[in-house]
Structures are given as C-alpha cells and as structure tokens.
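Trainee: Here's a sequence, model it:
(chains A and B)
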Amino acid sequence: MIELLQEYWQPFLYHDGRHITGLTMTLWLLSASIFFGFIMSIPLSIARVSSTAWVRWPVQFYTYLFRGTPLYIQLLICYTGIYSIAAVREQPVLDAFFRDAMNCTILAFALNTCAYTTEIFAGAIRNMHHGEVEAAKAYGLRGWKLYAYVIMPSALRRSLPYYSNEVILMLHSTTLAFTATVPDILKIARDANSATFLTFQSFGIAAAMYLAITFALVGLFRLAERRWLAFLGPAH
Amino acid sequence: MFENLLQILGLSGYSLKGFGPLLLQGTWMTVKLSVLSLLLSAMLGLIGAIAKLSGSAVLRVPAQLYTTLIRGVPDLVLMLLIFYSLQTWLTSLTTALGWDYIEIDPFNAGVITLGFIYGAYFTETFRGAIRAVPRGQLEAATGYGLTRIQRFRFVVFPQMMRFALPGIGNTWLVILKATALVSIIGLSDLVKAAQDAGKSTYQLFYFLLLAALVYLLIASVSNYLLRRLEVFYRAGFRESAR
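Mentor: Purely as a prediction, here's the structure:
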C-alpha cells in the first residue's frame, strides 16, 4: 500500500511526466462538461417550456434521446462511431476535431449533462409561482427582459438542489473517460492495478479520491444554497 | 426457445449483415442482467431501509455507512473494485472455512456487483417511502392485532409503493443504463455485440446507433409499464391538487 502510494501519488494527483493526469484531469473534465452543459441548457430549457410546438419538440426529442441511452454508448458514438464515417475523415476540420480523444469526451459529456440540466431548469421554470411572473408583467417586463431579470434568476436558484445532484452524477460519469484513453483518476488506478496486481488498494485509492471530491462538492453546494436559497428559509 | 424468438422476430442468420442473432443475444444479456440486478438491489434496499429506520444503532450505523460510501463513489469504480476483488474475497473466505473452492462466473459477479451498488440507492428510496406512510396506519394495524410481518405485508408495503414507485422507476432506468458498463469488465452484452459487429463490418457508427435505439426502446417500454403500475398503486388515493 505504502509503496503503491509512493510510486503513484504523482500521476494520481496531477502529472505522469508527459500529460496532465489523475485528479487534475478529472476536475478539468468535470468543469469543462459542466460549463458547456450549463451554457447550452439555459436557452434550451426556455425552448423546452415554449408554447410553440415546433420550438418545444426538437428540444424534447433531444433530451429524450440523451436521457434514454447510456452515456457509454454516446461516448463510443462520439469517439469511435463518428470517426468511422469516411465523410467525416475527409473534412479537415471535422477530422482534426474527432481525432482528439479529449474533444470527443468533452463533447459527449457536455451533450449528456446538458440534456439532464435542461430538464431540471425547464421543470423549475414550469413550477414558478404564477404570481411572480404576473408581478413582473405588471411592472412592464416583457420578452427577454422578463426572462433575464425575473424568471431565470428565480428558476436557477430553485433548481440548485437538483442541479447539485446532477453535478455529482456528472463527476461519477467522468470515470468513463478512460475508455477513450483520457488519463483520469480511474485510468491511473487501472495502470497501478495492472502493474502491481494490488487490485483492492489501487481501486480503493481511486474510490477514496472520488468520495473526497463528492463530499467537497456537497459542501460547496450547501454553501451556495445557504447563499442563494436563503429567501426560502423560515422567516425570522 | 432462443431459436423460436429469432424466427418470430424475422431475424435469421443473414439479417443485419449476419449480426442480428449476436445483437439479439447481447440484448437478452442486457435485459437479464438488469432485471436480476434490479431484483437483488430492491431486496437489499428493503433490508437497508428497515435497518436504517430501526431503533438499534447496530443496524442503523452499517446501513448509513453503506448508503453514504456507495453513493459517494462512481459506479464504474465500484464495479471494477468489487468485480475484480470478489473472487479473491470468496476464495479466502472458503479457505478460512475449510470449504471447497467456489468459482463465480462473470455474469453472477456482474449481477452481485450491480445489485450491491444500486441497493444503496434503493435503501434511500424505500426509507423515504416507508416514512411517508402515516403513523396512524401503523397504530391501527397494531390495534387490530397484526403481527410485525403482517403489518408490513398488508399495511405498510402497499401504501409505501405509491411513494416509492417514482424512485424505483428512476433507479431502474439508471440500472438499465449502467449495464452498458459491464462490457468494460468483459461481459458480452448489447454494447459489446454492437462493437464487435461494427468493427468487423467497418460500420461502427451504424451498429452503435442501433444499440442506442434498443436501449431507448427498452426505456420507453418500461416507462409505459411504470405508469400503469403507478395507477395500480394509487388506488384509493384521491388527488387533491388537480
């Protein structure tokens, strides 16, 4: 156990001599996919609750597709499936993009988390108290201003508990990255396992690291909820 | 039985470039694996929930530890950890007890692993659902002289299911999608079949898409069935909201 840690602490945390690996890589994957997923899900969630059918339907179809299939298959399609199409390899831009494992992984993760996040935010928008929107309309807010100043700030705050769940699930999903050769924590654990045959210890270290990140995220979101959901607490 | 099924579905050895039967076998593997894991994890979940709600700390603390640790670690990490260690643990156990060597095949190991992981999620689902049953119901059941087991079977369980079903449905879909990971530990499920078929025909995209559609189909069918079940367990409950 001690030898395992002595030999592998560096790749487990940040670097294996050539690439960024381990914890740093996992956190990078997580933040990149969460960032892109969040940015895309805001317009999509507004479209998801639209009263116009042709705006709502494509988004509904997208979330249905990505929430109904395993992320592993989505990653395989992005990483090996798309690149197996000859037309993609002939396009220089597409070729360069899909040849890189990191691009494919972040694309698949971001599309996946975006689908879940869109449904979370759409649910929060749908469940908004009608009085809140009415008051905003009475103040003369209309169109994008209504969304930017009243609906979205309130909906995003209220979806914080569900969103924190999604972020933690996304952290757990980043473990799939090693199947696309991205050197995250689990990849290092597998390397350590195949070099030393200390199965329980190698994967145990990875499990402990993920557990620590999960607890850190839970703590951070609790702080965020105390800050942004304070208005929902009991009156003093 | 399998050959009959193939004929009914019109999948001979020549359909889908000759990979129809392989894909169907993979689908069958995925369904078998997810249903058995669901049963095991639901059982573990019920035991865990009862342990977590019990008065004695000897039962409560291990159950609390089980749900916290398992839900805090990614399922794939746990899968690799448990799957590769299971045989070692079993061997040292049988040696310690002086029994013969028992070998577990990858399929059973997969079911045990998935069942153990999602049992933790079910524990939380059932714990919340049991607590949602009004206390008066329990007191009335005790008043009628029902034994503990009768009380659970006839009073708590039927009412608990209404609260538990949304959670069960969610976890079932998560288990179904998690079975895609077993191809990483070497089981030949739907994903493995699609990958093999795609690699040998150079049409990986097409076959992976097909596998995704199969998952989508299973998820949609189970969504429909779950809605029917929810109607069944809502019997006698009047919705006040709408």
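
Trainee: wait, does the one helix or strand A:Thr118 maps to make contact with chain B?
Mentor: In this assignment (DSSP states H and E), A:Thr118 forms part of helix A:101-126. No - Helix A:101-126 does not reach chain B (Cβ under 8 Å from any Cβ of the partner chain); its nearest approach is 10.6 Å. (Each C-beta comes from the backbone N, C-alpha and C, glycine too.)

Trainee: I'd like the next helix or strand past that helix.
Mentor: Next helix or strand after helix A:101-126 toward the C-terminus (DSSP H and E): helix A:130-138.

Trainee: buried set for that following helix?
Mentor: The neighbour-count check on helix A:130-138 (16 or more other Cβ atoms under 10 Å in any protein chain shown) flags A:133, A:136 as buried.

Trainee: quick one: it to helix A:101-126, angle?
Mentor: On the basis of axes from the mean of the first three to the mean of the last three Cα atoms, to 10 degrees, helix A:130-138 is oriented at 90 degrees to helix A:101-126.

Trainee: What is helix A:130-138 packed up against?
Mentor: helix A:143-146 (3 or more Cβ pairs under 8 Å, 6 or more residues apart in numbering or on different chains; DSSP states H and E).

Trainee: tell me the average confidence for the helix it packs on?
Mentor: The predicted model gives helix A:143-146 an average pLDDT of 87.

Trainee: How about the residues of chain B by chain A?
Mentor: B:69, B:72-78, B:80-81, B:84-85, B:88, B:173, B:177-181, B:183-184, B:191, B:194-195, B:198, B:202-205, B:208-209, B:211-212, B:215-216, B:219-220.

Trainee: still on that earlier bit, check which helices and strands the helix holding A:Thr118 sits against.
Mentor: Helices and strands touching helix A:101-126, as assessed by 3+ Cβ pairs under 8 Å, 6+ apart, comprise helix A:22-48, helix A:53-68, helix A:71-76, helix A:152-158, helix A:160-173.

Trainee: How far off centre is the first one?
Mentor: Taking the mean of its C-alpha atoms, helix A:22-48 sits 5 Å from the chain's own mean (Cα atoms, centre = their mean, to the nearest Å).

Trainee: what's the answer for the shortest one, then?
Mentor: Between the mean C-alpha location of helix A:71-76 and the chain-wide mean there is a distance of 14 Å, by Cα atoms, centre = their mean.

Trainee: which other helices and strands contact it?
Mentor: Partner elements for helix A:71-76 (3+ Cβ pairs under 8 Å, 6+ apart): helix A:101-126, helix B:190-201, helix B:204-233.

Trainee: Include mean neighbour count and distance to B:Val156 when you put the ones you listed into CSV, please.
Mentor: Converted to CSV, these look like this (neighbours: other Cβ atoms under 10 Å in any protein chain shown; distance: least, Cβ to Cβ, whole Å):
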stretch, mean neighbour count, distance to B:Val156
helix A:101-126, 22, 30
helix B:190-201, 21, 37
helix B:204-233, 16, 13
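
Trainee: weakest of those helices in terms of mean pLDDT?
Mentor: Comparing mean pLDDT across those, the weakest is helix B:190-201, with a mean of 84.

Trainee: by how many degrees do it and helix B:204-233 diverge?
Mentor: Using the same axes, to 10 degrees: helix B:190-201 against helix B:204-233 is 160 degrees.

Trainee: Could I have the CA atoms of helix B:190-201 written out in CSV?
Mentor: The C-alpha coordinates for helix B:190-201 follow below in CSV (Å, rounded to 0.1, in the frame of the first residue of the first chain):
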residue,chain,number,x,y,z
LEU,B,190,-25.5,-5.3,-26.2
VAL,B,191,-22.7,-2.8,-26.3
LYS,B,192,-20.1,-5.5,-26.7
ALA,B,193,-22.1,-7.1,-29.5
ALA,B,194,-22.6,-3.8,-31.3
GLN,B,195,-18.9,-3.0,-31.0
ASP,B,196,-17.9,-6.4,-32.4
ALA,B,197,-20.4,-6.2,-35.2
GLY,B,198,-19.3,-2.6,-36.0
LYS,B,199,-15.6,-3.4,-36.0
SER,B,200,-15.9,-6.4,-38.3
THR,B,201,-18.1,-4.6,-40.9
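
Trainee: Give me the contact list for that helix.
Mentor: Residues outside helix B:190-201 that contact it (Cβ atoms under 8 Å, 6 or more residues apart in numbering or on different chains) are A:70, A:72-73, A:76, A:80-81, A:84, B:16-17, B:19, B:22-23, B:25-27, B:29-30, B:180, B:183, B:204-208, B:210-211, B:214-215.

Trainee: so can I have CSV of the helices and strands packed on helix A:71-76 showing distance to A:Val218?
Mentor: Compiled in CSV, these are given as follows (distance: least, Cβ to Cβ, whole Å):
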stretch, distance to A:Val218
helix A:101-126, 17
helix B:190-201, 31
helix B:204-233, 29
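
Trainee: Out of these, which is closest to A:Ile34?
Mentor: Among the helices and strands packed on helix A:71-76, the nearest to A:Ile34 by Cβ to Cβ is helix A:101-126 (6.4 Å).

Trainee: Number of residues surrounding A:Leu223?
Mentor: Neighbour count for A:Leu223, taken as other Cβ atoms under 10 Å in any protein chain shown: 9.

Trainee: my bad, should have said A:Asp191
Mentor: 18.

Trainee: Name all residues that make contact with it.
Mentor: Contacts for A:Asp191 (Cβ under 8 Å, 6+ apart) come out as A:Pro11.

Trainee: Next, the angle helix B:204-233 makes with the helix ranked longest in chain B.
Mentor: In chain B, with assignment by DSSP state H, the single longest helix is helix B:20-53. In terms of direction (the same axes, to 10 degrees), helix B:20-53 departs from helix B:204-233 by 40 degrees.

Trainee: what's helix B:20-53 packed up against?
Mentor: The contact analysis (3+ Cβ pairs under 8 Å, 6+ apart) places helix B:20-53 against helix B:2-8, helix B:57-72, helix B:106-132, helix B:157-178, helix B:190-201, helix B:204-233.

Trainee: Out of these, which gets nearest to A:Cys104?
Mentor: Closest among the helices and strands packed on helix B:20-53, once you apply Cβ to Cβ, is helix B:204-233, at 12.9 Å.

Trainee: packing partners for that closest one?
Mentor: helix A:53-68, helix A:71-76, helix B:20-53, helix B:157-178, helix B:190-201.

Trainee: what residue is smack in the middle of the chain?
Mentor: With no chain named, the answer covers chain A. With distances taken as Cα atoms, centre = their mean, the residue of chain A nearest its centroid is A:Ile34 (3.7 Å).

Trainee: oops, I was thinking of chain B
Mentor: The centroid of chain B falls nearest to B:Leu38 when counting by Cα atoms, centre = their mean (2.2 Å).
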